[in-house]
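Participant: Next one to model:
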Amino acid sequence: MFFFTSRMVLYEDQGQLGAWYVLASLGLFNVQGHVSANPSFQFGSPQFEKVTLQLSNDPDNKVLIKH
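Facilitator: Below you'll find the predicted structure:
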């Protein structure tokens, strides 16, 4: 929460809503609400026809999510 000189309060989510939208569009849902050191995700239906995530520099280490 940030306070300005005009006494107006601005509730800032530090990009959490935008991050949620990106992950939800990819068909991913963080079950633990981004509070765990080892997050676990559920897969849902992505907004796109096909989503490919490369998790490291290894080209074989990918997650493919189809609508």
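
Participant: and the residue nearest the centre of the chain, what does it touch?
Facilitator: The residue at the geometric middle of the chain, judged as the C-alpha nearest the mean C-alpha position with CA atoms, centre = their mean, is residue 23 (3.4 Å). Taking CB atoms under 8 Å, 6 or more residues apart in numbering as the contact definition, residue 23 lies against 29, 30, 41. Where C-beta positions appear, they are placed from N, C-alpha and C, glycine not excepted.

Participant: try residue 62
Facilitator: Residue 62 sits next to 52, 53, 54, 55 when contact means CB under 8 Å, 6+ apart.

Participant: Run through the bridge partners of residue 42.
Facilitator: residue 29 (DSSP bridges).

Participant: what's around it, how many residues?
Facilitator: One way to gauge burial is a neighbour count; for residue 42, by other CB atoms under 10 Å, it gives 9.

Participant: can you check the one 5 residues further on too?
Facilitator: Residues near residue 47, counting by other CB under 10 Å, number 12.
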